[in-house]
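Visitor: Based on what follows, work out the 3D shape:
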Amino acid sequence: MEYRPRLVDAELTRLLAAVGAVVIEGPRACGKTETARRVAASELRVDTDARVAPAMAVDPSLLLDGRPPQLLDEWQVQPELWNHVRRAVDDRHQPGQFILTGSATPDDDARRHSGAGRFARIRMRPMSLFETGHSTGALRLGDLLAGNRVAASGPDLALADIIERLLIGGWPGLQGAAPAEATRVLRDYLTTIREVDIDRVVRGRRDPRRVGRVIASLARNTATEASLATLTRDSGQDGEPLARNTVDEYLDVLQRLMVVEDQPAWSTHLRSSATLRKTPKRHFVDPSLAAAALGATSERLLADLNSLGLLFESLVVRDLRVYAQAHGGEVLHYRDSTGLEVDAIVSTDDGRWGAAEVKLGAGQIEDAARNLLRFRDRIDTSRSGTPAFLAVITPSGLGYTRPDGVSVVPLGALGP
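Guide: Reported below is the predicted structural model:
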């Protein structure tokens, strides 16, 4: 399969020139290994190479003799490698020695040095629409953050197109698949998570059926601020909620497997007496996983526009996360005690920020723009700074800036 360029390619190249080792973290099958192979000079597959176990028992440094940059794929299977890589970086005094890829975060270990100054981390997610070729990228997030006016047209993504992208997702290996085929693969992916991966990450056997109910609950509550109490009730059986500590543990493991990724609440200063809510929004790393867990099909989603709207919001958040990372940013959300909320806040390390509402239908643009203007008036911009942009993100149509300053951005034109 031909390699599709990723936005993290440039980030990986830049970091390899600056530090001794780069860690690429992301869910299984998101493309980490292929991205690393583009620049690696040698490779060790830690999870399958027969040399690994004997060397770990005798002298793990024997595994680190490949030409740099050496790729250590699925390094977390042998967490002890971390300290040996760190020592090798210290001894060699050269950047670009190792690339570590992993699809799970290992248990914290006091013996494993933090790696500060030696390791850099890259978060990798499934592909954005720009990376899969379904967005032109004519309207760049970087231009929005620079305060530039919007003027572009993107390909019209009809509801059928949106549903196809939701069911297939951004998984590199599924880009040539039909939606029904992709859904079958992703349901098997979720089965592997609850029957194999959970036990691989944490000690002790976990009940796959309970894990499955938590996954299904997260899918039903995608793009909402579902509390832990809500998830415990929703994951229960025969009228009995699942134990709170059990749900909390499963959520933690799913986050360590990087298949779910909460959207934190934005903290800022308000002019009003309203108080900020801190509950995160629930998302899978790719909305296709939520769709698969729900057993969604094109027909079912067309008949349930509310669920389709929530999945579309999750799709937009996925893409914004990929694009924001390229600018040193993150994606948050806003909600206060009066019920005023904003779907996505893009905030960068240098203090720039912008707000976006996500709407599936063009008829919702006017209400969304009014909501963004109310939000802007509520923020104490003397402390938080003036927003670089206010935008309504829709599936298709023209991209333009309204007289009130709110931009309308078609997802089919949005890029980094």
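Visitor: which regions of the stretch 201-350 of the chain sit below the pLDDT cut-off?
Guide: Scanning the stretch 201-350 of the chain with the threshold set as pLDDT under 70 gives 204.
Visitor: domain assignment for this protein?
Guide: Domain assignment of the chain by automatic domain parsing yields the ranges 8-123, 129-415.
Visitor: would you turn the ones you listed into CSV with mean neighbour count and distance to residue 2?
Guide: (Each C-beta comes from the backbone N, C-alpha and C, glycine too.) As requested, the domains of the chain are exported to CSV (neighbours: other CB atoms under 10 Å; distance: least, CB to CB, whole Å):
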stretch, mean neighbour count, distance to residue 2
domain 8-123, 17, 11
domain 129-415, 19, 10
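Visitor: The residue lying closest to residue 397 once chain neighbours are set aside: what's it in contact with?
Guide: Nearest non-adjacent residue to residue 397, counting by CB to CB, 6 or more residues apart in numbering: residue 410, 5.2 Å away. With contacts defined as CB atoms under 8 Å, 6 or more residues apart in numbering, residue 410 is in contact with 139, 153, 154, 156, 157, 393, 394, 395, 396, 397, 398, 399.
Visitor: What about those, which are in strands?
Guide: Among those, DSSP state E puts 139, 153, 393, 394, 398, 399 in strands.
Visitor: Lowest-confidence entry in those residues?
Guide: By pLDDT, residue 153 ranks lowest within these, coming in at 76.
Visitor: you'd agree it is up against residue 399?
Guide: Yes. Counting by CB atoms under 8 Å, residue 153 touches residue 399, with 6.5 Å between them.
Visitor: Between those two, which contacts overlap?
Guide: With CB under 8 Å, 6+ apart as the test, residue 153 and residue 399 both reach 138, 410, 413.
Visitor: List the neighbouring strands of whatever helix or strand residue 391 lives in plus their orientation.
Guide: Using DSSP states H and E, the element containing residue 391 is strand 389-394. Sheet pairing here is set by DSSP bridges, and for strand 389-394 it gives strand 353-358 (parallel), strand 407-410 (parallel).
Visitor: Mean pLDDT and distance to residue 134 added to those strands, as a markdown table?
Guide: Converted to a markdown table, the strands paired with strand 389-394 look like this (pLDDT from 0 to 100; distance: least, CB to CB, whole Å):
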| stretch | mean pLDDT | distance to residue 134 |
| --- | --- | --- |
| strand 353-358 | 98 | 17 |
| strand 407-410 | 96 | 12 |
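Visitor: Tell me the strands beside the helix or strand containing residue 99, with direction?
Guide: Under the criterion of DSSP H and E, residue 99 resides in strand 98-102. Next to strand 98-102 in the sheet, as set by DSSP bridges, lie strand 21-25 (parallel), strand 70-73 (parallel).
Visitor: Name the next helix or strand downstream of that strand, please.
Guide: strand 119-123.
Visitor: can you pull out the helices in the stretch 101-250 of the chain?
Guide: Counting by DSSP state H, counting those that start in this stretch, residue ranges of the helices within the stretch 101-250 of the chain are 129-132, 141-145, 159-168, 179-192, 198-201, 208-220, 228-234, 244-256.
Visitor: mind checking which of those helices is nearest residue 291?
Guide: Taking CB to CB, helix 159-168 is the member of those nearest to residue 291, at 5.4 Å.
Visitor: Determine the set of other helices and strands touching that closest one.
Guide: helix 179-192, helix 287-294, helix 298-302, helix 305-325 (3 or more CB pairs under 8 Å, 6 or more residues apart in numbering; DSSP states H and E).
Visitor: In terms of secondary structure, what does the second one contact?
Guide: What that stands for is helix 287-294. helix 159-168, helix 179-192, helix 208-220, helix 305-325.
Visitor: Format these as TSV; extra columns: distance to residue 65.
Guide: Shown next, in TSV, are the helices and strands packed on helix 287-294 (distance: least, CB to CB, whole Å):
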stretch	distance to residue 65
helix 159-168	41
helix 179-192	33
helix 208-220	40
helix 305-325	33
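Visitor: list the contacts for the residue nearest the centre of the chain?
Guide: In the chain, the centroid-proximal residue (CA atoms, centre = their mean) is residue 285; its distance is 4.3 Å. Residue 285 makes contact with 26, 27, 30, 125, 126, 258, 259, 260, 261, 318, according to CB under 8 Å, 6+ apart.
Visitor: Please report the distance of the fourth one from residue 242.
Guide: Just to be clear, that refers to residue 125. Residue 125 is 28 Å from residue 242, where distance means CB to CB, to the nearest Å.
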